[in-house]
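fold the stuff below for me.
(2 chains)
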Number of protein chains: 2
Amino acid sequence: MKILPDSLDRITEQFSRFPGIGKKTAQRMAFQLLEWNQEDVQRLGEVIIQSREKLKYCTVCNLITETDPCPVCLDTRRDESILCIVEDSKDVVAIEETSRFKGKYHVLGGVLSPLEGVGPDQLNIQNLLARLADVKEIIIAMNPSIEGETTSLYLARILQDRQVKVTRLARGIPSGGDLEYIDGVTLGRALDERHELI
Amino acid sequence: MKILPDSLDRITEQFSRFPGIGKKTAQRMAFQLLEWNQEDVQRLGEVIIQSREKLKYCTVCNLITETDPCPVCLDTRRDESILCIVEDSKDVVAIEETSRFKGKYHVLGGVLSPLEGVGPDQLNIQNLLARLADVKEIIIAMNPSIEGETTSLYLARILQDRQVKVTRLARGIPSGGDLEYIDGVTLGRALDERHELI
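The predicted structure follows:
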């Protein structure tokens, strides 16, 4: 005998389409909806629909935005000559929070991953090449993963003939880390790239 | 400078209202929406709103349902004289999957938890007392947690004067378990409640 009503299955199915949301979590979310009052649920549904209608990717830098070009691209106080390449919009937020970077961004929208069928054509690379006219330095700020590394090397290769300085984020031990618990690759790299202190 | 658009924050805020969905997961879900096409997102929003309108709790047993009374309560092939008390609708699904129980259910909608402000009045207990007329046996099937245990004892106490047999689920080692890895409380209980084999 089927116990749970179809409506519940339908919501569960919808929620479980999100990455990282398994069947059980999706079902718990669906049950939770019944604890909310009708107006709150109505609001959730509407926010989802309306926000999706408003959100798009900036045609210049590919950042998630409501206005195109995005506020970062339109900001004239930013230095056009230095461009930071990141995987996705969340990385822009992380870098902005440091307050150390005043240039512009270019969001690739992913990393090269042959296993998942992501090649250069699936990334926002053609647009990057079109933006290089006034750029003097490109900072490659990929995540320190194998795919991130591969993507960095790929970018470095296609940029090498251009009149542009290409840099990447420094590797080393993270602040607040404990040497004892830091993995060997990171520690090895920190040793290789050690600086003179005095 | 604010990088992420307000619409994205609004969805993130809505998603993070679900239990078990933290800020990061909620944001990842919000980003995911932009990967879906407009129609899919529209459908998600509509399913949420429509399902919430359809779903309610059965006024007899408190099971989540689209029709009131629920199909289980209306099912005349079920034995009215035996009632299984569970915490929530998901437990009914779990018990149904065993195919061992042909009686009716009563969903409490939670467990006693003074720390979280859940007392007997917050649970579906008054309705239970009103259903006892033709009931011969009540199976208390709470989860094996401290709150579940407390609730079982509370129920046993308020049911003791009624002309009804009160039972509870057996405790012991789970099927497929490995004695070596079973916790001491469970194993101790399995020893205390050992059966004669021949």
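
chain A - how does it break down into domains?
Following automatic domain parsing, one finds the domains of chain A at A:6-54, A:78-168.

now do the longest helix along chain A and helix B:38-54, the angle between them.
Ordering each helix of chain A by length in residues (DSSP state H) puts helix A:38-54 first. Helix A:38-54 runs at 180 degrees relative to helix B:38-54, counting by axes from the mean of the first three to the mean of the last three CA atoms, to 10 degrees.

what mean pLDDT does helix A:38-54 get?
Across helix A:38-54, pLDDT averages out at 93.

quick one on the thing from earlier: highest mean neighbour count out of the domains of chain A?
Comparing these by mean neighbour count (mean count of other CB atoms under 10 Å in any protein chain shown), domain A:6-54 ranks first with a mean of 17. (C-beta placed from N, C-alpha, C; glycine too.)

which phi and psi values does residue A:61 adopt?
For residue A:61, the backbone dihedrals are phi -110, psi -10 (criterion: degrees, to the nearest 10).

and for it, the neighbour number?
The local packing of residue A:61 (other CB atoms under 10 Å in any protein chain shown) involves 25 other residues.

then residue A:70?
Other residues near residue A:70 come to 25 when the count uses other CB under 10 Å.

separation between the spatially closest residue to it that is not a sequence neighbour and residue B:3?
Closest residue in space to residue A:70, ignoring its immediate chain neighbours: residue A:58 at 3.8 Å, by CB to CB, 6 or more residues apart in numbering or on different chains. Counting by CB to CB, to the nearest Å, the gap from residue A:58 to residue B:3 is 11 Å.

identify the contacts common to these two.
Residues touching both residue A:58 and residue B:3 (CB atoms under 8 Å, 6 or more residues apart in numbering or on different chains): residue A:72.

show me where chain A has strands.
With DSSP state E, the ranges of strands along chain A come out as A:56-57, A:64-65, A:79-86, A:103-107, A:137-140, A:165-168.

CSV for those strands, including distance to chain B?
CSV is the format used below for the strands of chain A (distance: least, CB to the nearest CB, whole Å):
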stretch, distance to chain B
strand A:56-57, 7
strand A:64-65, 6
strand A:79-86, 11
strand A:103-107, 9
strand A:137-140, 17
strand A:165-168, 22
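
list the contacts of the longest helix of chain A.
For helix A:38-54, the surrounding residues in contact (CB under 8 Å, 6+ apart) are A:33, A:36, A:66, B:5, B:7-8, B:10-11, B:14, B:17, B:30, B:33-34, B:36, B:38, B:41-42, B:44-46, B:48-49, B:52-53.

pLDDT below threshold where in chain A?
Within chain A, not a single segment meets pLDDT under 70.

quick one: the helices in it?
In chain A, the helices defined using DSSP H lie at A:6-15, A:23-35, A:38-54, A:71-74, A:89-98, A:126-130, A:146-159, A:184-192.

export these as TSV, with columns for distance to residue B:123.
Below are the helices of chain A laid out as TSV (distance: least, CB to CB, whole Å):
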stretch	distance to residue B:123
helix A:6-15	21
helix A:23-35	14
helix A:38-54	23
helix A:71-74	51
helix A:89-98	42
helix A:126-130	59
helix A:146-159	50
helix A:184-192	52
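
of all those helices, which one is nearest residue A:173?
With CB to CB as the criterion, residue A:173 lies closest to helix A:184-192 of the helices of chain A, at 4.7 Å.

helices or strands up against the closest one?
When contacts are defined as 3 or more CB pairs under 8 Å, 6 or more residues apart in numbering or on different chains; DSSP states H and E, helix A:184-192 packs onto no helix or strand at all.

buried set for it?
Buried residues in helix A:184-192, counting neighbours by 16 or more other CB atoms under 10 Å in any protein chain shown, are found at A:186, A:189, A:190.

on that earlier part again, contacting residues for the residue nearest to residue A:70?
Counting by CB under 8 Å, 6+ apart, the residues that residue A:58 touches are A:64, A:65, A:68, A:69, A:70, A:72, A:73, A:107.

now it: how far from residue A:29?
31 Å.

for residue A:161, same thing?
Here the distance between residue A:161 and residue A:29 works out to 51 Å (CB to CB).

over to residue A:53?
For residue A:53, the distance to residue A:29 - CB to CB - is 23 Å.

go on, residue A:171?
Counting by CB to CB - residue A:171 and residue A:29 are separated by 39 Å.

please apply the same query to residue A:170.
From residue A:170 across to residue A:29, the span is 41 Å (CB to CB).

and residue A:197, by the same measure?
In terms of CB to CB, residue A:197 sits 52 Å off from residue A:29.

same deal with residue A:3?
Applying CB to CB to residue A:3 and residue A:29 gives a distance of 18 Å.

residue A:11 touches residue A:34, doesn't it?
No. Residue A:11 is not in contact with residue A:34 according to CB atoms under 8 Å; the separation is 9.8 Å.
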